[in-house]
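Undergrad: Here is my input, please return the structure:
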Amino acid sequence: MQEILRSTDPTIIAFASALLSGEDIEVFEMDVHMSVLEGSIGVLPRRLMVRRDQAFEARAVLRDNDLHVTE
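TA: Model (predicted):
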């Protein structure tokens, strides 16, 4: 698995997940339940992970939609 996006904004994570799923790219969201530790204030970022062999395509999809990707 390789990280392709990190954000504290849940709408960006949801949008990116929908875009990638629409392209048949498997997405796994990490750190979803960290709000329990932080007190639900949204300071800890969530990460989107994809398989290494799909990372290049996933980054291209996100860049085409003006989302900043993790290199």
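Undergrad: Point out where this structure drops to low pLDDT.
TA: Per-residue confidence for the chain (pLDDT under 70) gives these ranges: 35-42, 71.
Undergrad: Which parts of it are helices?
TA: Using DSSP state H, the helices found in the chain span residues 10-22, 35-38, 55-64.
Undergrad: Can you name the residues bridging to Met49?
TA: Assessed by DSSP bridges, Met49 has beta-bridge partners Glu3, Phe28.
Undergrad: Against Leu19, how distant is it?
TA: Using C-beta to C-beta, to the nearest Å, Met49 is found at 15 Å from Leu19. Placement of C-beta: from N, CA and C, glycine included.
Undergrad: what do you get for His33?
TA: Taken as C-beta to C-beta, the span from His33 to Leu19 is 23 Å.
Undergrad: So for those two, which residue has more residues nearby?
TA: The neighbour count for His33 versus Leu19, taken as other C-beta atoms under 10 Å, is higher for Leu19 (17 against 8).
Undergrad: residues touching the more buried one, list them.
TA: By C-beta atoms under 8 Å, 6 or more residues apart in numbering, Leu19 lies in contact with Val61, Leu62, Asn65, Leu67.
Undergrad: The spatially closest residue to the second one that is not a sequence neighbour: how many residues sit nearby?
TA: If I follow you right, that is Leu62. Take Leu62 and drop its neighbours on the chain: the residue closest to it by C-beta to C-beta, 6 or more residues apart in numbering is Val69, 4.9 Å away. Look at Val69: counted by other C-beta under 10 Å, it has 17 neighbours.
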